[in-house]
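Participant: Turn this into a structure:
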Amino acid sequence: MSIDLNGRLALVTGASRGIGYFLALELAKAGAHVIAVARTVGGLEELDDEIRKQGGSATLVPLDLTDFPALDRLGGSIHERWGKLDIMVANAGVLGTISPIGHVEAKTFDKVMNINVTSTWRLIRSVDPLLRSSDAGRAIVLSSGVAHTARAFWGPYAASKAAVEVMARSWADETKNSALRVNSVNPGATRTAMRAQAMPGEDPDSLPHPHDVAKKIVALADPALTLTGKLFDVPKDRFLDYHLPD
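Facilitator: This next block holds a predicted model:
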């Protein structure tokens, strides 16, 4: 299914590689101007080249997401240049370590929480007024299945993804009577560097390519989307409802 994003402005974090890279490409392919945010300049420049090859346009923002004051200024910069934001994709994240919770170093735990949770909140706070100014604001928050399975040895990462999902659900409830739609995404196991770090013995060719995953996620940016406060499960290719524990 193709969507029309001509004239739309989309911001993507973690856009220099993996799912974020290919989601930025898909958004540009659909007509959106992409504000690509990542720490790696080389990856951003490669993305820009690919977007231009397919006739799209992008603005590159080299930014370390732990630079919280810079994140706070990002919304103001977007407001000054464009006056609104139509699509926000909070994709950037780090794994930390796969180990018993009692063996996780404090600096590792803090890094996971700062990048996966705090930077997502700072980004939301920075661009929330801009998304509300759009006639069809769309917020897409990348999560993980371990937010629900609470898999052994994945404690910090699982906790961080559970946290951002709850933030997204709360934000969706706050804005349910507006034009803003907020949803989380479980991309499932994907052929990315993070997955290889977590599962080094796994055959990457057995996993979906991030391009294929991105092609499913981009539908959440559709101005015609009506659902909010849901979890889009990529492997199942459908939205899931949340339920209280039995």
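
Participant: Only C-alpha atoms from now on, for both contacts and neighbour counts.
Facilitator: Fine.

Participant: okay, and the helix or strand of the chain with the least pLDDT?
Facilitator: In the chain, the helix or strand scored least confidently by mean pLDDT, DSSP states H and E is helix 193-198, which has a mean of 71.

Participant: ok, then the element right after that helix?
Facilitator: helix 210-217 (DSSP states H and E).

Participant: Counting neighbours, which bits of that following helix end up buried?
Facilitator: 210-211, 213-217 (16 or more other C-alpha atoms under 10 Å).

Participant: Also stretch 159-167?
Facilitator: Across stretch 159-167, burial judged by 16+ other C-alpha under 10 Å covers 159-165, 167.

Participant: now it: how far from the chain's centre is it?
Facilitator: Relative to the chain's own centre, stretch 159-167 is displaced by 12 Å; criterion: C-alpha atoms, centre = their mean, to the nearest Å.

Participant: neighbouring contacts of that stretch?
Facilitator: 112-113, 116-117, 120-121, 141, 143-144, 146-148, 150, 184 (C-alpha atoms under 8 Å, 6 or more residues apart in numbering).

Participant: Just give me the closest of those residues to residue 244.
Facilitator: residue 148 (12.1 Å; C-alpha to C-alpha).

Participant: The closest one should be in a helix, yeah?
Facilitator: Yes. With DSSP: H, G, I helix; E, B strand; the rest coil as the criterion, residue 148 is located in a helix.

Participant: What is the neighbour count of it?
Facilitator: Residues near residue 148, counting by other C-alpha atoms under 10 Å, number 11.

Participant: if we can go back for a sec, tell me which entries of the contacts of stretch 159-167 lie within strands.
Facilitator: 141, 184 (DSSP state E).

Participant: quick one: pLDDT of the spatially most central residue of the chain?
Facilitator: Centroid-nearest residue in the chain: residue 91, 2.3 Å away (criterion: C-alpha atoms, centre = their mean). On the pLDDT scale, residue 91 is placed at 95.

Participant: I figured it hits residue 22, correct?
Facilitator: No. Residue 91 lies out of contact with residue 22 (C-alpha atoms under 8 Å); the separation is 11.3 Å.

Participant: list the residues that contact both of the two?
Facilitator: Common neighbours of residue 91 and residue 22 (C-alpha under 8 Å, 6+ apart) are residue 15.

Participant: quick one: average confidence on the longest helix anywhere in the chain?
Facilitator: Ranked by residue count and defined by DSSP state H, the top helix of the chain is helix 155-174. Helix 155-174 comes out with an average pLDDT of 97.

Participant: Check the offset of that helix from the chain's centre.
Facilitator: The answer for helix 155-174 is 12 Å, by C-alpha atoms, centre = their mean.
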